[in-house]
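Chemist: Predicted model follows, preceded by the sequence.
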Number of protein chains: 2
Amino acid sequence: MKEQGLLLIVSGPSGAGKGTVVEALLARGGYALSISATTRPPRPYEQEGVHYFFQTEKEFEDMVQADGFLEHAAFCGHHYGTPKNYVLQQMAQGKHVILEIEVQGAFQVKEKYPEAVLLFLAPPSLAELKKRLEGRGTEDAQTIAARLRRAQEEMALVEKYDYLVVNSQVEDAVADIEAILRAEKRRCIRQKEFLQHFREGQEGLC
Amino acid sequence: MKEQGLLLIVSGPSGAGKGTVVEALLARGGYALSISATTRPPRPYEQEGVHYFFQTEKEFEDMVQADGFLEHAAFCGHHYGTPKNYVLQQMAQGKHVILEIEVQGAFQVKEKYPEAVLLFLAPPSLAELKKRLEGRGTEDAQTIAARLRRAQEEMALVEKYDYLVVNSQVEDAVADIEAILRAEKRRCIRQKEFLQHFREGQEGLC
């Protein structure tokens, strides 16, 4: 039997480098990305079960009723959610499942599934975040100011996370996350099976 | 300024391989071993500040009164204790301090210093532990039976530890412990300084 994987929730401000770090983790193998369900119509390039699970309003609502989501929310008139089953299946296959999600969604998941590991990826400083956002050259000054304000709001909630990884160098952040997952597997609360097994081995011996 | 080290408490039954694992960690550098104080007279080869800090009854009692020990206990008419200052000094120099101690002492330390990381090193099974103890060839059947009983008693308290590392292969156990310490450094509760710094960087920016 494969050792069960973990659910890793990754939050952090736009510009912290979540995309790059998550891509580097996926490239190492042993990881799967959580796939969202949505009632939004697919865009031309989007594939069912790759980019999203596309659902009707009725299907989505039924899944909400059946407690089928780890979290869900509405955005611009469409529904989005994280299907529980897909995540659990990947974990049962021994993969760590990465769920990139903003702060409120992260807390929703943690409430439903306390075994989740909550990780906040932060830029080294607000000044560095500003530099990165400006460096992209894709957003105007007003959008950047809004993103910085949002980053501050999110950072105010960091203490509710389990881990804070500062992304100065991508390879260091990735190594931090790999260490965190290895360490989490060794937490006593996650080793009930070994302990039971160990204790059952007592009768035969002493 | 050097990043502060952690206090790592290692417990586990005789035969779990604590000595070998701790030696391998020390060989990697960045670790220091906690040194006990004792009122027991030194043996010919024992050096002050290397094997023990040797103290008179009066010195020991004064340190107890001054809350100078992380834990202390009496054994065969002599006193033993873990001087707090030595541990804190090593940590301030950026070293992870390893304290090998039995279960009750570990809980005493955790109470005085909750930031300590409690790690239990276990053998893969009681059968394997029995094999290892017999393989040493240094103890009679009665002593081995007593050690196995003691191991069971200790394993019953494992849930109070933070981490459980099963020592099947020394190099895996060492890598587990290194991952645990790296991960612990990334826990939000240990990064108050970064968060304060980050928040202070807000005024200049927005």
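Modeler: Done, it's in. These figures come from a predicted structure and were not determined experimentally.
Chemist: what comes up buried for stretch A:138-153?
Modeler: Buried residues in stretch A:138-153, counting neighbours by 16 or more other CB atoms under 10 Å in any protein chain shown, are found at A:144, A:147-148, A:151-152. Yep, even glycine has a C-beta here, placed from its N, CA and C like the rest.
Chemist: gap between the two ends of stretch A:54-71?
Modeler: End-to-end span of stretch A:54-71 (CA to CA, to the nearest Å): 16 Å.
Chemist: Identify the residues contacting it?
Modeler: Stretch A:54-71 has contacts (CB atoms under 8 Å, 6 or more residues apart in numbering or on different chains) with A:37-42, A:46, A:48, A:72, A:79, A:81-85, A:87, A:99, A:101, A:105, A:108-109, A:112-113.
Chemist: and it, which residues are buried?
Modeler: Within stretch A:54-71, the residues scored as buried using 16+ other CB under 10 Å are A:54-55, A:60, A:63, A:68-71.
Chemist: Now pLDDT too, for those, in a markdown table please.
Modeler: Shown next, in a markdown table, are the buried residues of stretch A:54-71 (pLDDT from 0 to 100):
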| residue | pLDDT |
| --- | --- |
| A:54 | 97 |
| A:55 | 97 |
| A:60 | 98 |
| A:63 | 97 |
| A:68 | 97 |
| A:69 | 97 |
| A:70 | 97 |
| A:71 | 96 |
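Chemist: Those in helices, which ones?
Modeler: A:60, A:63 (DSSP state H).
Chemist: Now do the SS call for residue A:98.
Modeler: Following DSSP: H, G, I helix; E, B strand; the rest coil, residue A:98 is assigned to strand.
Chemist: Show me the beta-bridge partners of it.
Modeler: Counting by DSSP bridges, residue A:98 is bridged to residue A:8, residue A:33.
Chemist: neighbours of it, just the number please.
Modeler: Residues contacting residue A:98 under the criterion other CB atoms under 10 Å in any protein chain shown number 23.
Chemist: which residues touch it?
Modeler: A:8, A:10, A:22, A:25-26, A:31-34.
Chemist: Can you list the low-confidence ranges for chain A?
Modeler: A:1, A:202-206 (pLDDT under 70).
Chemist: how does it look with 90?
Modeler: Scanning chain A for pLDDT under 90 picks out the ranges A:1-3, A:14-15, A:136-139, A:192-193, A:195-206.
Chemist: out of the buried residues of stretch A:54-71, which are inside strands?
Modeler: Applying DSSP state E to the buried residues of stretch A:54-71, the entries found in strands are A:54, A:69-71.
Chemist: wait, which of those is closest to chain B?
Modeler: Nearest to chain B among these is residue A:71, at 20.6 Å by CB to the nearest CB.
Chemist: ranges for the strands of chain A?
Modeler: Counting by DSSP E, the strands of chain A are A:7-11, A:31-33, A:36-38, A:52-54, A:69-75, A:78-83, A:96-100, A:117-122, A:163-166.
Chemist: Now tabulate the ones you listed in a markdown table and tack on distance to residue B:130.
Modeler: As requested, these are exported to a markdown table (distance: least, CB to CB, whole Å):
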| stretch | distance to residue B:130 |
| --- | --- |
| strand A:7-11 | 38 |
| strand A:31-33 | 39 |
| strand A:36-38 | 51 |
| strand A:52-54 | 52 |
| strand A:69-75 | 44 |
| strand A:78-83 | 47 |
| strand A:96-100 | 35 |
| strand A:117-122 | 36 |
| strand A:163-166 | 39 |
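Chemist: for the ones you listed, which one sits closest to residue A:184?
Modeler: The minimum distance between residue A:184 and the strands of chain A falls on strand A:117-122, with 5.5 Å, by CB to CB.
Chemist: tell me which strands and helices that closest one is in contact with?
Modeler: Judged by 3 or more CB pairs under 8 Å, 6 or more residues apart in numbering or on different chains; DSSP states H and E, strand A:117-122 is in contact with strand A:7-11, strand A:163-166, helix A:170-185.
Chemist: Outside of the shortest one itself, list whatever touches it.
Modeler: To tie it back to what came earlier, the one meant is strand A:163-166. A:117-124, A:158, A:173, A:176-177, A:180, B:183, B:186-188, B:191, B:194-195.
Chemist: In contact with the nearest residue to residue A:132 once chain neighbours are set aside, which residues?
Modeler: Nearest non-adjacent residue to residue A:132, counting by CB to CB, 6 or more residues apart in numbering or on different chains: residue A:15, 4.5 Å away. With contact taken as CB under 8 Å, 6+ apart, residue A:15 is in contact with A:123, A:129, A:132-133, A:136, A:147, A:151.
Chemist: Out of these, who's the most crowded?
Modeler: Taking other CB under 10 Å as the neighbour criterion, residue A:129 ranks highest of those with 27 neighbours.
Chemist: Do I have it right that it meets residue A:150?
Modeler: No: in this structure residue A:129 lies outside contact range of residue A:150 using CB atoms under 8 Å: 10.6 Å.
Chemist: are any of the contacts of stretch A:54-71 buried, and which?
Modeler: Using 16+ other CB under 10 Å, the buried ones in the contacts of stretch A:54-71 are A:37-40, A:72, A:79, A:81-84, A:87, A:99, A:101, A:105, A:108-109, A:113.
Chemist: any chance of the helices and strands packed on strand A:117-122 in a markdown table, plus distance to residue A:95 and mean neighbour count?
Modeler: Below are the helices and strands packed on strand A:117-122 laid out as a markdown table (distance: least, CB to CB, whole Å; neighbours: other CB atoms under 10 Å in any protein chain shown):
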| stretch | distance to residue A:95 | mean neighbour count |
| --- | --- | --- |
| strand A:7-11 | 10 | 24 |
| strand A:163-166 | 19 | 24 |
| helix A:170-185 | 11 | 19 |
